[in-house]
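K.L.:
kindly generate the corresponding structure for this input.
(chains A and B)
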Amino acid sequence: MEIKGVAEKLLAGYIVNISERCNDIIIEVDSRNILKCLTILKNNENIAFDFLVDVVGVDNSQYLLKKDKAKKGEEPAVEAPKAPALPRYEVVYLLLSLQHNKRLIVKARVSEDNMTIDTVTSLWKAANWPEREVYDMYGIKFNGHPDMRRLLMWDEFKDYPLRKDYPLEGKGEKRALIYE
Amino acid sequence: MENENNNKKIEAYTGPGWVLTTLEMFMNWGRQRSPWPLPYGTACCGIEMMAALAAGYDMARFGAERPSFSPRQADVLIEAGTITKKMEPILKRIYEQMAEPKWVISMGACACSGGVFRTYSTVQGIDTIIPVDVYIPGCPPRPEALLQALIMILNKIGKDHPYYRFKSELEGNL
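P.N.:
As a prediction, this is how the structure comes out:
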């Protein structure tokens, strides 16, 4: 069975971009349609992506900047970087069909102006903690998530550490734990 | 390795039915033979610590007979592994809950200096939070290294002067 063809047919009208790399099929959809698309991919009998492997976030700001510079072929200017044409963040869903042993990557881009995307915990309970991790690391909120708290950093932590503008060694945060 | 203190018996005058020694010698003799560890394993060093505590290396030979999971009954805190900033106040609290006298072994590169994790989430050495007596390098160190660290702690206990350290408190009680 050719996943690419079937998925293309099923998601007709939703797909922004479809590509293939190292035998992985990557489908990009609009972030507003993510829940609809994943529902279709999960519930369709022919492909049945019944297993969510992981949900990850990506901050593309540096990547887009570098690409820009490479095109021009000059050293980066120190001043404020040009606003990237594409939305800064993306959320990536890694799907697996246990019935057919096929894999698929679904992407949705999230812009800085509207840092929200629909949760998919209603489809896969496995999305609960990965989505919390994405929120913790990038600050992307998931609408309708049952428990939208930080997962790894402590609750009082202010920043989102995997954003590219956050320094690697942190800003000297310290956790103060109050015992009652 | 300095082992004299460990092998030394109580320096004392003996006779039939009595032993005469100093209070300090007697206290150190007791402490040297029962350094109960608090196993605080937070990463892969914890696995090596378990190996050192288990039958193969048998840390109980050196008096670490009972790994104490309660800080109240522990003497030596073996901090084996990475400490994240989220964990920092908890480690401090555990250390504060231990009763005097107490010693700390910092086991492995992460505990000593943060190791390879020079990031926003990792404490750069537990000596920024609590005092450390013995550092063990390695990633992770072998169980023999932990045994050596314990013997170094024992030597340190042998050189201690508990009476002078707590003179006023002791005299009030005697």
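K.L.:
all strands for chain A, in order.
P.N.:
Counting by DSSP state E, residue ranges of the strands within chain A are A:15-21, A:24-29, A:51-59, A:89-97, A:102-110, A:116-118, A:141-143.
K.L.:
other SSEs contacting the fifth one?
P.N.:
Here strand A:102-110 is seen to pack against helix A:3-10, strand A:24-29, helix A:34-43, strand A:89-97, strand A:116-118 when contacts are counted using 3 or more Cβ pairs under 8 Å, 6 or more residues apart in numbering or on different chains; DSSP states H and E. For the C-beta atoms, the positions are set from N, CA and C on the backbone; glycine is no exception.
K.L.:
and the average pLDDT for the shortest one is what?
P.N.:
Looking back up the chat, that one is strand A:116-118. Confidence over strand A:116-118, taken as the mean pLDDT, stands at 93.
K.L.:
quick one: distance of it to the chain centre.
P.N.:
The gap between the average C-alpha position of strand A:116-118 and the chain average comes to 10 Å, counting by Cα atoms, centre = their mean, to the nearest Å.
K.L.:
over to stretch A:31-50?
P.N.:
Stretch A:31-50 sits 16 Å away from the centroid of its parent chain (Cα atoms, centre = their mean).
K.L.:
SS state for residue B:25?
P.N.:
Residue B:25 carries the three-state label helix when classified by DSSP: H, G, I helix; E, B strand; the rest coil.
K.L.:
what residues are up against the residue in chain A that chain B sits nearest to?
P.N.:
When distances are taken as Cβ to the nearest Cβ, chain A approaches chain B most closely through residue A:170, which lies 3.0 Å from it. Applying Cβ atoms under 8 Å, 6 or more residues apart in numbering or on different chains, one finds that residue A:170 lies in contact with A:161, B:85, B:119-121.
K.L.:
check residue B:123 too.
P.N.:
Going by Cβ under 8 Å, 6+ apart, residue B:123 touches B:83-85, B:87-88, B:114, B:129.
K.L.:
which one of the residues you listed sits closest to residue A:114?
P.N.:
Of all the contacts of residue B:123, residue A:114 sits closest to residue B:85, with 30.8 Å by Cβ to Cβ.
K.L.:
show me what the residue most central in space within chain A is bridged to.
P.N.:
A centroid search over chain A (Cα atoms, centre = their mean) returns residue A:91, at 0.9 Å, as the residue closest to the centre. Note on residue A:91: beta-bridge partners residue A:57, residue A:108, judged by DSSP bridges.
K.L.:
separation between it and residue A:17?
P.N.:
Taken as Cβ to Cβ, to the nearest Å, the spacing of residue A:91 relative to residue A:17 amounts to 15 Å.
K.L.:
returning to what we had before: please list which of the contacts of residue B:123 also come close to chain A.
P.N.:
With the criterion set as Cβ under 8 Å from any Cβ of the partner chain, the members of the contacts of residue B:123 near chain A are B:85, B:88.
K.L.:
redo the contacts of residue B:123 as CSV? Include neighbour count, secondary structure and pLDDT.
P.N.:
What follows is those, written out as CSV (neighbours: other Cβ atoms under 10 Å in any protein chain shown; DSSP: H, G, I helix; E, B strand; the rest coil; pLDDT from 0 to 100):
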residue, neighbour count, secondary structure, pLDDT
B:83, 27, coil, 94
B:84, 22, strand, 93
B:85, 20, coil, 92
B:87, 22, coil, 92
B:88, 21, helix, 92
B:114, 19, coil, 90
B:129, 16, coil, 92
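K.L.:
picking up where we left off before, specify which member of the contacts of residue A:170 is nearest to residue A:10.
P.N.:
Nearest member of the contacts of residue A:170 to residue A:10, counting by Cβ to Cβ, is residue A:161, at 36.9 Å.
K.L.:
OK, contacts around that closest one?
P.N.:
Contacts of residue A:161 were listed using Cβ under 8 Å, 6+ apart, and they are A:137, A:153, A:170, B:120-121.
K.L.:
recalculate using a threshold of 7 Å.
P.N.:
By Cβ atoms under 7 Å, 6 or more residues apart in numbering or on different chains, the residues touching residue A:161 are A:137, A:153, B:120.
K.L.:
which of the residues you listed sits closest to residue A:143?
P.N.:
Nearest to residue A:143 among the contacts of residue A:161, with distances taken as Cβ to Cβ, is residue A:137, at 18.1 Å.
K.L.:
residue contacts, the closest one?
P.N.:
Residue A:137 sits next to A:57, A:160-162 when contact means Cβ under 7 Å, 6+ apart.
K.L.:
let's see that with 6 Å instead.
P.N.:
With contact set as Cβ atoms under 6 Å, 6 or more residues apart in numbering or on different chains, residue A:137 has these partners: A:160, A:162.
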